[in-house]
Structure formats: C-alpha cells, structure tokens
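[1] Take a look and give me a structure for this.
(one chain, ligands or ions: 1)
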Amino acid sequence: MTRAASPDLHDDIVHFNLGASDPWDDDLDEYPEVIFHKVPSADIVYETAPRIPKFVGKYLLGDTLGEGSYARVKEALDTETVRRAAVKIMKKKKLKKIPSGEENMKREINLLQKLSKNSHPNIIELYDVHYKAEKEKTYLFMTFCCCSLQDMLDASEEKKFPLWQAHKYTFQTFQGLHYLHSRHIIHKDIKPANLLLDPSHTVKICDFGVAEELDPFSQTDTIKGSQGAPMFIAPEIAVGKDVFSGQKLDVWSAGVSLYNFVTGNYPFNADNVFKLYRKIGEGKYVIPDYLPDNLKNLLEGMLQYDFENRFSSHDCLTHPWITRKQNKSYDEVEIPNNIAEESTLIQYLEQLHLEDGDRKLTGHSTNPPHSSSLQTSSDDILSSDQRLSGDHMLDVADSRSRFEV
Ligand SMILES: Nc1ncnc2c1ncn2[C@@H]1O[C@H](COP(=O)(O)OP(=O)(O)OP(=O)(O)O)[C@@H](O)[C@H]1O
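    Alright, predicted model coming up:
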C-alpha cells in the first residue's frame, strides 16, 4: 500500500513520498492530516520515503531485524556507550489482540530484568526499558544478535549443522538452560528460533514471553500449562496431563532442537497439529543410524517419554557427547547476509553527521531528513538536532569508524 504524505507544491510539481503503510512505523502517527490536491498525473514525482533517523532516549534506531507475533525487533545504537543493541518494540494495541499478550510482555520484562542483574553469557541481556505513552509502545533494549539458529538452518543447504557446530551451539544452549533452571525459571518455548547468535557466535536464549518463574522455596518444579510451539511440545502436554516437571519440559524441547540440528528433520512430524499431537503422544520416533552412539544416547535421554526418566539440564551438560571435544570439520553453516559485519545504522549516522558531498563519496545516497519529520511531541523521543548536540555529536560521529568493520 502506498502512503501520500505532505505534498510539496514547489514549481507546480507535487511530491509524494512513497512508503509502506506500516502499523509499526514510528513516523506514521506524526504526519499531519493529508490533503489531496488535484494534479495531472504527469506532474507527479514519486520519491522513496526518506529514512529518518529516530531516537528513543539515548538510542538511535536502525532497521528491522526480525518480527514475531508480539513484537518487531530493530537494530539500535546506544549513543552514549556506542554499544550496538537490538530493540524489541511492542505495541499495546497489538498486544491486546493476542491472548495474554500484555501479561506475557510484563512477564518477559520482569524476568529479563531479574536475569540481567547477573547477566549470563548465554541469556539475552536487557539493557533498558522505555515506554512512550502517546504511542503506547514499549521498547526493550537488549543484546544485539545477528540471527537465530532457525535462520541459519533455513539458509543452509542441508537444513542442518555439521556435528561440531551443532555441538558448540547445543553446549551453549545447555549452559543457558541450566542457569535458568538453577534460578527456578522455566523457559517453556525452547526452539531454534529462540536461540539467537551474537556477532561472536555465542548463543543467547531469548523470548521469555511464556516463561515461568517457580517459587524458589518449592520442593518441586511442577508447572501447569505451556504455550510452546507444537513441534517442540513434550508428550505430557500432547496427552493433556495436568501437572508436569517444568525443567524436563525444557529438556524435551532442547532435545527436539538438537535432533533438528543434527538430522535436518524432527522426531515427530505431521501435516496438521492434531496428527502431530497424536504422534508425540504415542512417543515413537527413530534416531538415524548415521549419528554417533554417544549422540544417540544423549538424544534418547532428552526425548524420554516419561519425564521422570528424562535427563535433567545438568545431565545434559555433563553428558559425554557434550563434554568430549568435537573436531572441527571444514564444513560450516555461516551467518546469513553477513549482518555481523554490516550495520543498518550507518545510513542514519551518515544522514546525521556527513555533508551531502561526503555521503556521495561513501556510496550511500540517502535523502536528507524531512525537517518537519524530526519534530516529535514526546519527551523520550528526541529529534536528532536536540539529541546530538555537543558531546553526543562527537560520540556518535566517533562510532562510525567503529562500525565500519
Ligand atoms: N536481540 C535480538 N537481536 C536480533 N534479532 C532479534 C533479537 N531478538 C529478537 N530478534 C529477532 O526478532 C524476531 C522476533 O523476536 P521475538 O521472538 O522476541 O518476538 P516475539 O513476538 O516474542 O516472537 P514469538 O512470535 O516467537 O513469540 C526473532 O525471531 C529474531 O529473528
């Protein structure tokens, strides 16, 4: 869909900005009432909507990195520390349409805040939370990641990882999971799409929207419900048990993920969710013969039908397939799109700090920001001019060189 914004009537030519009508776009609400003038179609000049540098507090926002059912995630830059970050943007209007949407967001913020007090290398870290009242948007600033393990699998030829790479990511996932369980937190939605990779190829467990914190004084890890992805749910849920072990639920999902990493398939698969639940409930699956014996043993332990007999996250972490060093082979699934070495922020930093001529030299022909678009009524969203004066200007200008890696 196209959007007409603020026609420019210079030289009798009407300029329309073309851009996607996007319910997440921060600019949309800021356009004044649109007035349509009748003009001959030959006089209309179509322009791509300028990409306007936007700030939320001290953070400069970049482009979209990913989207889920609750949120859109964009790249961001902390202009004070020059730390690259990701921002998860959640809109109240959208959350209201999703069952338990607002509740899940609050839970995610609460858990991430607790976890980020003593950050763990394999758990996403929450840096900051902002709320913009007039747009009813919540912004969670957190560790920047390049992609999810699901993105890597999708981009790989065989839809799986070589064993050494699967071993590396699984070991890190187990470390994160074991840490969560030691803090009485059940993730409840472990799957390759929620295992992100930072630029140094470290796994970060993310998306705590359906996670549950247990009573630290409780003798058990019993939980009641689960909202995880169907492919990864454990048999106790598929057959409709009322109560079950939270930790073992996460181990099952991690087991399905590991199976997927090393085979490119799933232990249970079907063309609809009812058949899938029936298959998981029956619990019959095959581990391919070509896998090494100790890996088969780990998978069998993680995918034990009866959760009482299933491995704990500690058993997983100390299993011989995990503790034994894997020889690295030449084959490697790489991070798609080279995003680790490029940043969507560069274009905005150039707009803010380079003269027109310099911009042409760098090969980025970005339009200068529309002056009126930099005005906002919010206290926490500042215009680039307001934000980047004095020392800040130097900070961000300096950041350019650090980003051109
Ligand atoms: N820290 C991050 N760095 C980079 N990309 C991220 C980050 N967090 C999330 N993403 C991307 O954004 C997508 C959506 O994020 P997330 O899964 O947190 O949203 P959600 O709406 O809660 O998702 P879901 O629909 O799975 O519940 C992810 O699949 C991932 O591709």
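
[2] Which pLDDT does the model give D8?
    pLDDT for D8: 43.

[3] Repeat that for P336.
    Looking at P336, its pLDDT reads 85.

[4] who in the stretch 51-200 of the chain is up against the ligand?
    Within reach of the ligand by Cβ under 6 Å from any ligand atom, the stretch 51-200 of the chain has these residues: 65-71, 73, 86, 88, 124, 142-145, 148, 193, 196. For every residue, glycine as well, the C-beta is placed using N, CA and C.

[5] Tell me which stretches of this structure form helices.
    92-97, 101-117, 149-155, 163-182, 235-238, 246-263, 273-282, 293-302, 313-317, 320-323, 346-353, 356-362, 384-387, 390-403 (DSSP state H).

[6] Any stretches of the stretch 301-405 of the chain with poor pLDDT?
    Along the stretch 301-405 of the chain, the parts satisfying pLDDT under 70 run over 338-340, 355-405.

[7] Skip the chain neighbours and tell me the closest residue to the residue in the chain that the ligand sits nearest to.
    In the chain, the residue that lies nearest the ligand is G68 (2.0 Å; Cβ to the nearest ligand atom). Nearest non-adjacent residue to G68, counting by Cβ to Cβ, 6 or more residues apart in numbering: D207, 7.2 Å away.

[8] same check, this time on L115
    Per Cβ to Cβ, 6+ apart, closest to L115 is I123, 5.5 Å.

[9] Tell me who's in contact with the one you found.
    115, 176, 179-180, 204-205 (Cβ atoms under 8 Å, 6 or more residues apart in numbering).

[10] Of the residues you listed, which one scores lowest on pLDDT?
    Among the contacts of I123, L115 has the weakest pLDDT, 94.

[11] doesn't H184 make contact with that residue?
    No: using Cβ atoms under 8 Å, L115 is not in contact with H184, being 11.5 Å away.

[12] And those two? Which one has more around it.
    L115 (21 against 16; other Cβ atoms under 10 Å).

[13] From L299, how far off is the more buried one?
    Here the distance between L115 and L299 works out to 28 Å (Cβ to Cβ, to the nearest Å).

[14] now do the same end-to-end measure for stretch 189-206.
    For stretch 189-206, the first-to-last residue distance is 9 Å (Cα to Cα, to the nearest Å).

[15] Pull out the buried residues from that stretch.
    By 16 or more other Cβ atoms under 10 Å, the buried positions in stretch 189-206 come out as 189-198, 202-206.

[16] Just the ones of those residues in strands?
    195-197, 203-205 (DSSP state E).

[17] one step back: kindly state the pLDDT recorded for the residue of the chain closest to the ligand?
    pLDDT, G68: 84.

[18] What of the one 10 residues further on?
    With respect to pLDDT, D78 scores 96.

[19] what are the bridge partners for it, then?
    Y59, R83 (DSSP bridges).

[20] OK, contacts around the nearest residue to H178 once chain neighbours are set aside?
    Nearest-residue entry for H178: S313, 4.2 Å, with adjacent residues in sequence omitted and distances by Cβ to Cβ, 6+ apart. Going by Cβ under 8 Å, 6+ apart, S313 touches 174, 177-178, 181, 247, 250-251, 254.

[21] swap in P267?
    P267 neighbours (Cβ under 8 Å, 6+ apart): 255-256, 259, 285-287, 303.

[22] So for E334, which of the helices of the chain sits nearest?
    Ranking the helices of the chain by proximity to E334 (Cβ to Cβ) places helix 149-155 first, at 7.7 Å.

[23] so what does the closest one touch, helix or strand wise?
    With contacts defined as 3 or more Cβ pairs under 8 Å, 6 or more residues apart in numbering; DSSP states H and E, helix 149-155 has these neighbours: strand 195-197, helix 246-263.

[24] how about a markdown table for the ones you listed, with mean pLDDT added?
    Output for the helices and strands packed on helix 149-155, formatted as a markdown table (pLDDT from 0 to 100):
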| stretch | mean pLDDT |
| --- | --- |
| strand 195-197 | 97 |
| helix 246-263 | 97 |
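
[25] Let me know which of those is the nearest to T81.
    From the helices and strands packed on helix 149-155, taking Cβ to Cβ, the stretch that ends up closest is strand 195-197, at 20.7 Å.

[26] and for that closest one, what are the contacting residues?
    124, 143, 145-150, 152, 169, 173, 203-206, 257, 335.

[27] what about 10 Å?
    Residues outside strand 195-197 that contact it (Cβ atoms under 10 Å, 6 or more residues apart in numbering): 65-66, 73, 86, 122, 124, 142-152, 169-170, 172-173, 176, 202-207, 254, 257, 261, 335, 340.

[28] just to revisit the earlier point, buried subset of the contacts of P267, written for ChimeraX?
    For the buried members of those, the matching ChimeraX selection, counting by 16+ other Cβ under 10 Å, is:
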select :255,256,259,285,287,303
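
[29] Including distance to G240, could the contacts of P267 go into CSV?
    Formatted as CSV, these follow (distance: Cβ to Cβ, whole Å):
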residue, distance to G240
G255, 21
V256, 19
Y259, 23
Y285, 20
V286, 25
I287, 26
L303, 19
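
[30] quick revisit: beta-bridge partners for the residue nearest to L115, please?
    Applying DSSP bridges, one finds that I123 bridges with I205.

[31] Could you shift the numbering so residue one becomes 625, and keep it that way?
    Sure, I'll start counting at 625 from here, so that last one is I747.

[32] do you know how far P854 is from D874?
    P854 is 16 Å from D874, by Cβ to Cβ.

[33] Between the two, tell me which one has more neighbours.
    Between P854 and D874, counted using other Cβ under 10 Å, D874 has the larger neighbour count: 30 against 15.

[34] Domain map for this structure?
    Listed by automatic domain parsing, the domain ranges of the chain are 626-667, 678-769+964-1027, 772-947.

[35] Tell me which of these sits nearest to S953.
    Evaluated with Cβ to Cβ, the domains of the chain place domain 772-947 nearest to S953, the distance being 5.3 Å.

[36] quick one: the closest one to chain centroid distance?
    Relative to its chain's centre, domain 772-947 lies at 19 Å (Cα atoms, centre = their mean, to the nearest Å).

[37] got the end-to-end distance for it?
    24 Å.

[38] that older thread, between all of the contacts of S937, which two are separated the most?
    Among the contacts of S937, F798 and Q871 lie farthest apart (Cβ to Cβ), at 12.1 Å.
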